[in-house]
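Asks: predicted structure and sequence below. I'll ask about it afterward.
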Amino acid sequence: MATPDNSASLSRSRSRAWRILSAVAGGGLVLGLVIFIGVGRWLVVEDPFVKAKAIVVLSGAMPLRAIEAAKLYREGYAPEIWLTHSTEPGATLQAMGVPFYGEDYYNKLVLIHEGVPPQAIHVLEPPIVNTADEIKAAAAALTRANGEAVIIVTTKAHTRRVRLLWRMLAAGQGRAVVRAASRDPFDPRHWWRTTSGASDVVREVLGLLNAWAGLPLHAAR
């Protein structure tokens with residue numbers, strides 16, 4: 001039979017346990033909130049500028065990346081601009097009989113419009129499917145050109161994954177200076193307020209997890 005002292009002791013133990021659980025849950029909630037709010041800023045990284053062999057425009061977010069590359073070219077950071085050639089959506093549209101010249105074609109027109117001479121623009125081979133392919137193509141081109149560095153232009157939320165993939169896939173093949181398009185509307189402090197911002201963050205977090213796991217899944221652009 002429980003005595004009053006035993007009952008009181010059990011009640012105090014339960015109370016302490018609930019207080020501990022509440023503190024742990026509260027701390028976890030605060031930590032989760034800090035991570036949630038801060039992940040947008042964490043995704044955005046940029047390297048200091050150096051003179052480079054070329055400026056690489058990654059596929060996607062047309063024409064923001066090409067416009068930024070043209071700006072850097074005019075400022076004298078590199079004598080060439082390299083474009084990647086994506087297999088999609090061109091391959092799918094071609095199968096449907098719908099003409100599409102590829103992002104590199106339109107990016108080249110944007111670059112020319114922004115003052116880059118056609119002879120300074122080069123399309124890299126082979127065709128790419130995702131960011132990992134682009135990194136490999138750029139690193140191989142840099143090696144062939146005996147260059148020391150390239151400036152890679154992408155969008156803000158994509159910068160951390162680009163830097164990580166270069167370190168994983170192009171180690172010893174020169175330096176990549178990762179830069180974000182200055183006109184990119186992504187707001188790293190309030191990324192959850194727009195559908196596009198939330199989509200960017202989710203895509204990049206999943207892409208980083210895939211990269212950290214050794215790219216077991218087909219990497220997304």
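Replies: Now that the structure is in, tell me what you want to look at.
Asks: please name the residues that touch Ala181.
Replies: Ala61, Leu64, Arg65, Ile67, Glu68, Val153, Thr154, Thr155, Lys156 (CB atoms under 8 Å, 6 or more residues apart in numbering). Bear in mind the C-beta positions are built from the backbone N, C-alpha and C, glycine included.
Asks: burial measure for the third one, as a count.
Replies: If I follow you right, that is Arg65. Counted with other CB atoms under 10 Å, the neighbours of Arg65 add up to 29.
Asks: what does the second one give?
Replies: Leu64 sits with 21 neighbouring residues when counted by other CB under 10 Å.
Asks: quick check: phi and psi on the nearest residue to it once chain neighbours are set aside?
Replies: Leaving aside its sequence neighbours, Leu64 sits nearest to Ala181 (CB to CB, 6 or more residues apart in numbering; 4.3 Å). Main-chain dihedrals, Ala181, degrees, to the nearest 10: phi -60, psi 120.
Asks: where's the residue nearest the centre of the chain relative to Val201, distance?
Replies: Per CA atoms, centre = their mean, the C-alpha nearest to the average position across the chain is that of His158, at 1.6 Å. Distance of His158 to Val201, given as CB to CB, to the nearest Å: 11 Å.
Asks: also Ala157?
Replies: 6 Å.
Asks: can you pull the contacts of the closest residue to Leu124 other than its chain neighbours?
Replies: Closest residue in space to Leu124, ignoring its immediate chain neighbours: Ala137 at 4.5 Å, by CB to CB, 6+ apart. Applying CB under 8 Å, 6+ apart, one finds that Ala137 lies in contact with Thr84, Leu124, Glu125, Pro126, Ile128.
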